[in-house]
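1. Give me a 3D structure for the following:
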Amino acid sequence: MKRLALILAAGLVLFSCGKEQIIPTPPEPLGPHEVDPVQPEPQPGDKSGTRLVNFCILLDGQEYYAVDTEGTELSIFVPVDADLTKLTARFSHNAASVKVNGVEQVSGETVNDFHGFKKGVEYVLESESGKREKYTVRVLNTQLPVVSVRTDSPETIDSKEIWREARIRIRETDGKLYDYGATGIRGRGNWTWEKYPKKPYALKLESRQELLGMPAHRRWVLLALYRGFIGNAMAFEATRRAPTMPWAPRGQFVELVLNGKFQGLYYLCEQIKIDENRVNITKLNTEDVEYPAVSGGYLLEYDELYDEEHKFRSKGFNLPVQLKSPSDTVPEAQFNYIRDFINEMEAEIKKIGKSGDSRYADYLDRDNFAEYWMVLETIGNYEAFKPRSVKMYKGRDGVDSPLGTVCKLKAGPLWDQELFEVNQSFNSKDMYYYKYLFRDPEFVTAVKERWEVYKSNILGNDQYAPFLDYLSEMAEQIRVSANRDIRFWGNNYFTLSGEVSVVKSGFRSKINWMDQQIKGF
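-> Here you go, the predicted model:
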């Protein structure tokens, strides 16, 4: 009967009222789909326009197309060892003439020098009627993926609050271009957003998607890497080598093209969010106002900027505690719960070393805080002391912890690590909570025990390559892109080689120094 109903319904659609059959437009495929860069050719002999299509660079028998062809700026990426000074382009057009520096261009024959990436090569198309259009073509060496974002309107992205509608494509290292569909994009960050010309961005995809092999999610971040290239990736990798810190943001270095314009070297990474593949704790709903549901999960940020809507100053240490999740709507019961939890914990921390027992370990995960401190010290993070961008989280009692137990506060994951100092001194041993935690013999024992495992993971073992080898490989991967980025943005803060050498020269001595210090605790 159901089959008959479907047949009758189909008949009504096709033949009712004798009208012509209407074939609905098929929906866009879910998930990424490969993009064919070849566009429809202009009509043969048409010289009435200024349209340039199917522009590609011919190199070693391969065709390299722009990642975004909707505007008059084309960014084309070729292998890292390609010579940019003598390249041939193939293209189609509907113009009367196509010239570069006054020289008529012949598709597939004329050779041009594309090594001036800041200015690019300007193609001038002129129609029979004298109308002109200029196309700027940049050809760039890379061995990185390329992220291309095209907004629906041409205005500059100038807000950290307003999401602009856009589409996102990614050219992977094998040269294939994939369309990931609709996304929102807006500015993000604090100092880097306000003070520097190279802007960081947040992405909110229309649907959960895997990007460059990273687990599916809607929310991603494009870190601008203006004051340093390797700090964030280094911090995330060091965190992953801590024995029981379950997650640090995964990321990939990428080239960014925004509305056809080359933007330089970025770090595409996971945004810190509550999710089974990220901070894996239970997410609070607005109706979770009774215990145990109200006990978690909470994602917190300690930050001196103190600029979130839902926030409080802690009683014991006067720390600026902000709620990152929940964030939009926070019932009073949830706000009061986490505020009271932090205040009670801090009161217990301040009892350490005084008469009477401190119950701080009922609130705070001792092993986790020991490992977090090790990571802070080995990578030279000093902004946590302020505090700035210090993340912490608490799961739901009896759900994210064993039944009948309190789910304790955990520190991490690390974030915002552009600046660092690797030297033979402690940056965070006297930092708010740690000033008291190191007075507890049990916390010191946890540090000593966990240090041996962490140190092995950093120096290299059967599970991990030596951390300095990881840094060398990372630096080589981004070398060409980083050196170009510095010239492109006129950035005089540092060089990649200088940044890496500072870490390498100080890192091993810092590990050895810390090893001696910890043994003496």
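
2. Next, Val480: secondary structure please.
-> helix (DSSP: H, G, I helix; E, B strand; the rest coil).

3. so where's this structure uncertain?
-> 1-30, 419 (pLDDT under 70).

4. Show me how the record splits it into domains.
-> Domain ranges of the chain: 33-139, 146-270, per automatic domain parsing.

5. With mean neighbour count and distance to Glu309 as new columns, can the ones you listed be given to me in a markdown table?
-> Any C-beta I mention is one placed from the backbone N, CA and C, and that applies to glycine too. Below are the domains of the chain laid out as a markdown table (neighbours: other CB atoms under 10 Å; distance: least, CB to CB, whole Å):
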| stretch | mean neighbour count | distance to Glu309 |
| --- | --- | --- |
| domain 33-139 | 16 | 36 |
| domain 146-270 | 19 | 12 |
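
6. who are the neighbours in contact with Gly353?
-> Tyr436, Arg439, Asp440 (CB atoms under 8 Å, 6 or more residues apart in numbering).

7. related to what we said a few turns ago, tabulate the domains of the chain (JSON lines), appending distance to Asp340.
-> Formatted as JSON lines, these follow (distance: least, CB to CB, whole Å):
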{"stretch": "domain 33-139", "distance to Asp340": "50"}
{"stretch": "domain 146-270", "distance to Asp340": "26"}
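
8. And the buried ones among the contacts of Gly353, selectable in ChimeraX?
-> Command for ChimeraX that selects the buried part of those, burial taken from 16 or more other CB atoms under 10 Å:
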select :436,440
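
9. so which of the domains of the chain comes closest to Val294?
-> Nearest to Val294 among these is domain 146-270; the distance by CB to CB comes to 23.4 Å.

10. and the end-to-end length of that closest one?
-> Using CA to CA, to the nearest Å, one end of domain 146-270 lies 17 Å from the other.

11. excluding its backbone neighbours, what's nearest Thr173?
-> Pro145 (5.8 Å; CB to CB, 6 or more residues apart in numbering).

12. Shouldn't Glu442 be within a helix?
-> Yes: according to three-state DSSP, Glu442 belongs to a helix.

13. quick one: it and Leu364 touch, right?
-> No: Glu442 is not in contact with Leu364 according to CB atoms under 8 Å; the separation is 11.9 Å.

14. Identify the residue spatially nearest to Ala95, adjacent ones excluded.
-> Nearest to Ala95 is Leu125, by CB to CB, 6+ apart, at 4.0 Å.

15. Determine the set of other helices and strands touching the host helix or strand of that neighbour.
-> Using DSSP states H and E, Leu125 falls within strand 121-126. Under the contact criterion of 3 or more CB pairs under 8 Å, 6 or more residues apart in numbering; DSSP states H and E, the helices and strands touching strand 121-126 comprise strand 97-100, strand 132-141.

16. mind listing the helices for the stretch 301-450 of the chain?
-> In the stretch 301-450 of the chain, the helices defined using DSSP state H, counting those that start in this stretch lie at 332-349, 366-378, 432-437, 441-459.

17. Buried residues in the last one, which are they?
-> Yep, that's helix 441-459 we're talking about. Phe443, Ala446, Val447, Arg450, Trp451, Val453, Tyr454, Lys455, Asn457, Ile458.

18. Relative to Asp357, how far out is the fifth one?
-> Read it as Trp451. 26 Å (CB to CB, to the nearest Å).

19. cool, the last one as well?
-> Spatial separation of Ile458 from Asp357 under the definition CB to CB is 35 Å.

20. coming back round to it: any idea how far the residue nearest to Ala95 lies from Leu87?
-> Distance from Leu125 to Leu87, by CB to CB: 19 Å.

21. Check Glu332 too.
-> Taking CB to CB, one finds Glu332 at 64 Å from Leu87.

22. cool, Leu203 as well?
-> 32 Å.

23. ok, Ser325 - contacts?
-> By CB under 8 Å, 6+ apart, the neighbours of Ser325 are Lys273, Ile274, Lys283, Leu284, Gly297, Tyr298, Leu299.

24. Please narrow those to those residing in strands.
-> Tyr298, Leu299 (DSSP state E).

25. Out of the domains of the chain, which is closest to Asp307?
-> Once the domains of the chain are compared by CB to CB, domain 146-270 is nearest, at 7.9 Å.

26. Would you confirm that Glu41 contacts Arg51?
-> No: counting by CB under 8 Å, Glu41 does not reach Arg51; the two are 10.3 Å apart.

27. returning to what we had before: please convert the helices and strands packed on strand 121-126 to CSV, extending it with distance to Ile168.
-> Formatted as CSV, the helices and strands packed on strand 121-126 follow (distance: least, CB to CB, whole Å):
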stretch, distance to Ile168
strand 97-100, 31
strand 132-141, 19
